[in-house]
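Visitor: Here is my input, please return the structure:
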Amino acid sequence: MYYLVRSWPFSTAHLIDADMSIDFAKYTTPEDRVAVIATSPLTDNEIWTRFVPGDLAMFQCGDLARTVNIPVPEAVAKKAAEPLQKACVGSALKIKADSNDRGS
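Guide: As a prediction, the model looks like this:
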């Protein structure tokens, strides 16, 4: 999981998966602030912060207010360190293989 906090002065964000940009300065005011939380970074020209395994975060009024880290088992931390795409593809392949073993 990743997050970023956008606040004034807002800039233009460019999406990773599409050739599209949005200039947030056109749609916001100096009083605005927003936190974006996603499973992977959505833009390629902003700084995203990665949560570490076990992180719990509280956002208030669009800003990170507090974080706490709860220790996680070593196996969970190891899996979390794998690239997300590899973990998802591996899980999908295992599900497919299990379905084939059951005759589905």
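Visitor: all contacts plus neighbour counts: C-alpha atoms, from now on.
Guide: Fine.
Visitor: Quick one: the strands in this structure, in order.
Guide: Ranges of strands within the chain are 2-7, 12-14, 21-23, 33-38, 49-50, 55-60, 63-69, based on DSSP state E.
Visitor: could I get the ones you listed as a markdown table with distance to A81?
Guide: Below are the strands of the chain laid out as a markdown table (distance: least, C-alpha to C-alpha, whole Å):
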| stretch | distance to A81 |
| --- | --- |
| strand 2-7 | 13 |
| strand 12-14 | 26 |
| strand 21-23 | 30 |
| strand 33-38 | 16 |
| strand 49-50 | 11 |
| strand 55-60 | 14 |
| strand 63-69 | 16 |
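Visitor: Indicate which one of these is closest to E82.
Guide: Closest to E82 of these is strand 49-50 (C-alpha to C-alpha; 13.2 Å).
Visitor: would TSV of the strands of the chain with distance to P83, mean neighbour count and mean pLDDT be doable?
Guide: Output for those, formatted as TSV (distance: least, C-alpha to C-alpha, whole Å; neighbours: other C-alpha atoms under 10 Å; pLDDT from 0 to 100):
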stretch	distance to P83	mean neighbour count	mean pLDDT
strand 2-7	13	18	96
strand 12-14	22	16	96
strand 21-23	26	12	95
strand 33-38	15	15	96
strand 49-50	12	15	94
strand 55-60	18	12	96
strand 63-69	21	12	95
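Visitor: Show me how the chain divides into domains.
Guide: Domains of the chain are assigned by automatic domain parsing as 2-69, 73-104.
Visitor: Give me the distance from the first one to the chain's centre.
Guide: Per C-alpha atoms, centre = their mean, to the nearest Å, the displacement of domain 2-69 from the mean C-alpha position of its chain is 9 Å.
Visitor: tell me how far the ends of that domain are from each other?
Guide: Distance between the two ends of domain 2-69: 15 Å, counting by C-alpha to C-alpha, to the nearest Å.
Visitor: Ok, stretch 18-28 next?
Guide: Using C-alpha to C-alpha, the end-to-end distance of stretch 18-28 comes to 23 Å.
Visitor: which outside residues touch it?
Guide: Contacts to stretch 18-28, defined as C-alpha atoms under 8 Å, 6 or more residues apart in numbering, come from residues P9, F10, S11, T12, A13, H14, L15.
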